[in-house]
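Novice: What would the 3D arrangement of this be:
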Amino acid sequence: MILSMDLGPESYNIVVERGALTQAGEHFNLDRKVLIVTDSGVPAEYTQKIASQCQNPYIETFLQGEEHKNMQVYQTLLKRMVHEGFSRSDCVVAVGGGVCGDMAGFAAASYMRGIDFYNVPTTLLSQVDSSIGGKVAIDFEGYKNVVGAFHQPKGVLIDPDVLQTLPKRQIASGMAEVIKMSATCDAELFAFLEENDPMQHIEAVIEGALKIKKNVVEQDPKEKGLRRVLNFGHSVGHAIESVAGFSALYHGECVALGMLVLVAPELRARLKRVLDKAGLPTEYTYDSARVIEAMKMDKKVSDGALTVVTVRAIGSFDFEKIPLNELENKMKEVL
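Specialist: Numbering: from 1, shown residues only. Okay, the predicted model is just below:
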């Protein structure tokens, strides 16, 4: 299956197909210098499959984990491109999860004011969410994604077969993003998740989530309005992630907790059942004062209040400006 992201001159294809790793050369322009960015948690065979299709591949591997999505690794990628003589006509390919995509994408966005970038996501979370849309960033001074840019990929290659090597906790983290998108935009998909084992229908689940995000990004590529719906659960979740330490809780686990805080009370039990089924946490012991302090760094905070996405009915959403002290009370009540 091929989905087309329609963004005018920044349009690109999203290929979803089993065995797609061996077809990168058909979908990407790899007849040039290619910096392949991966991490230590990604099976080396995936990177080698991409490298074998490149004219001049250079592989850069950093340590696995959100804590390594930092300025030091970012500088390492830039230095490698400088030392290997990369020009504006060369490119970067990310092979890995969301951390790889963010690191590689931000390096590509800033090297020589922007070079081509391709994404080969290998986790469920990155396949259904972060691999498309063009948001790239690094963490800085303990705050998630506080330094970044919009830099659309030239193409995305999604191979569901790579999910077979993922631990259950990583699969659960990815399911949080599918649940997020269905809760806000697709009541039928949410009901499907309630009634079925998503891993038995994983291609349909990936396709459903991608269609939701594609539709949103096409209408609002720079997150000036509608695209903020994709932040459901993220404002609270990112703050928890920052305070807990990026290695203590996975991104999707934090999003799950954030969704519970901002869903209507009458829907909370229904959402909790779906999260439980996916293996995601529904309660957490935390320092609320530190979480609120981290939340103050959110780009959507103004006048002591944070604009968040709330869900009053499955498949729909609202934007609400909620004072931080009220959010703190909600978190204490729910989590």
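
Novice: Going along the chain, name the helices of the chain.
Specialist: 24-27, 44-51, 71-83, 98-110, 124-125, 168-185, 187-195, 202-219, 234-244, 251-262, 268-278, 288-295, 324-334 (DSSP state H).

Novice: what residue ranges in the stretch 151-300 of the chain are flagged as low confidence?
Specialist: For the stretch 151-300 of the chain, the stretches flagged by pLDDT under 70 are 246-247, 299.

Novice: rerun at 80
Specialist: 244-247, 286-289, 296-300 (pLDDT under 80).

Novice: sorry, back to before: now render the helices of the chain as TSV, adding distance to E17 and mean neighbour count.
Specialist: The way it works is simple: take the backbone N, C-alpha and C, and place the C-beta from them, glycine included. Shown next, in TSV, are the helices of the chain (distance: least, Cβ to Cβ, whole Å; neighbours: other Cβ atoms under 10 Å):
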stretch	distance to E17	mean neighbour count
helix 24-27	10	17
helix 44-51	14	18
helix 71-83	28	15
helix 98-110	19	26
helix 124-125	16	27
helix 168-185	18	24
helix 187-195	21	16
helix 202-219	9	19
helix 234-244	29	25
helix 251-262	24	27
helix 268-278	25	17
helix 288-295	39	17
helix 324-334	40	15
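
Novice: between those helices, which gets nearest to Y118?
Specialist: helix 24-27 (7.8 Å; Cβ to Cβ).

Novice: Give the rounded mean pLDDT of the closest one.
Specialist: For helix 24-27, mean pLDDT is 95.

Novice: how about the helices of the chain in a markdown table, adding distance to R312?
Specialist: Formatted as a markdown table, the helices of the chain follow (distance: least, Cβ to Cβ, whole Å):
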| stretch | distance to R312 |
| --- | --- |
| helix 24-27 | 41 |
| helix 44-51 | 42 |
| helix 71-83 | 40 |
| helix 98-110 | 29 |
| helix 124-125 | 26 |
| helix 168-185 | 11 |
| helix 187-195 | 12 |
| helix 202-219 | 18 |
| helix 234-244 | 17 |
| helix 251-262 | 10 |
| helix 268-278 | 12 |
| helix 288-295 | 22 |
| helix 324-334 | 14 |
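
Novice: Quick check: bridge partners of P121?
Specialist: Using DSSP bridges, the bridge partners assigned to P121 are G96.

Novice: hang on, T282 packs against V274?
Specialist: No. If you go by Cβ atoms under 8 Å, T282 and V274 don't touch, sitting 10.0 Å apart.

Novice: and the residue nearest to V291 when sequence neighbours are not counted, what is it in contact with?
Specialist: Leaving aside its sequence neighbours, V291 sits nearest to A239 (Cβ to Cβ, 6 or more residues apart in numbering; 4.7 Å). Each residue near A239 by Cβ atoms under 8 Å, 6 or more residues apart in numbering is listed here: 291-292, 294-295, 298.

Novice: and with 6 Å instead?
Specialist: By Cβ atoms under 6 Å, 6 or more residues apart in numbering, the contact set of A239 is 291, 294-295.

Novice: One more: I206?
Specialist: So I206 contacts 16, 127-128 (Cβ under 6 Å, 6+ apart).

Novice: For the most centrally placed residue in the chain, which non-adjacent residue is spatially closest?
Specialist: Centroid-nearest residue in the chain: S130, 2.9 Å away (criterion: Cα atoms, centre = their mean). By the measure of Cβ to Cβ, 6+ apart, the closest residue to S130 outside its immediate chain neighbours is G98, 4.0 Å from it.

Novice: So the one you found versus Q152, what's the distance?
Specialist: To Q152, G98 is 16 Å away according to Cβ to Cβ, to the nearest Å.

Novice: What are the contacting residues of stretch 187-194?
Specialist: Contacts for stretch 187-194 (Cβ under 6 Å, 6+ apart): 182-183, 208, 274, 314-315.

Novice: switch the cut-off to 7 Å
Specialist: 178-179, 182-183, 208, 274, 314-315 (Cβ atoms under 7 Å, 6 or more residues apart in numbering).

Novice: can you check stretch 283-294 too?
Specialist: By Cβ under 7 Å, 6+ apart, stretch 283-294 touches 239-240, 242-244, 257, 324, 328, 331-332, 335.

Novice: what's the answer for stretch 74-91, then?
Specialist: With Cβ under 7 Å, 6+ apart, stretch 74-91 has contacts from 32-35, 37, 58, 60, 62, 103, 106-107, 111-112, 115-118, 138.

Novice: Throw together a ChimeraX command that grabs the buried residues out of those.
Specialist: Selection of buried members from these for ChimeraX, criterion 16 or more other Cβ atoms under 10 Å:
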select :33,34,35,37,58,60,62,103,106,107,111,115,116,117,118,138
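
Novice: Out of the contacts of stretch 74-91, which sit inside strands?
Specialist: Among the contacts of stretch 74-91, DSSP state E puts 33-35, 37, 58, 60, 62, 116-118, 138 in strands.

Novice: Name the pair among the residues you listed with the greatest separation in space.
Specialist: K33 and I138 (22.7 Å).
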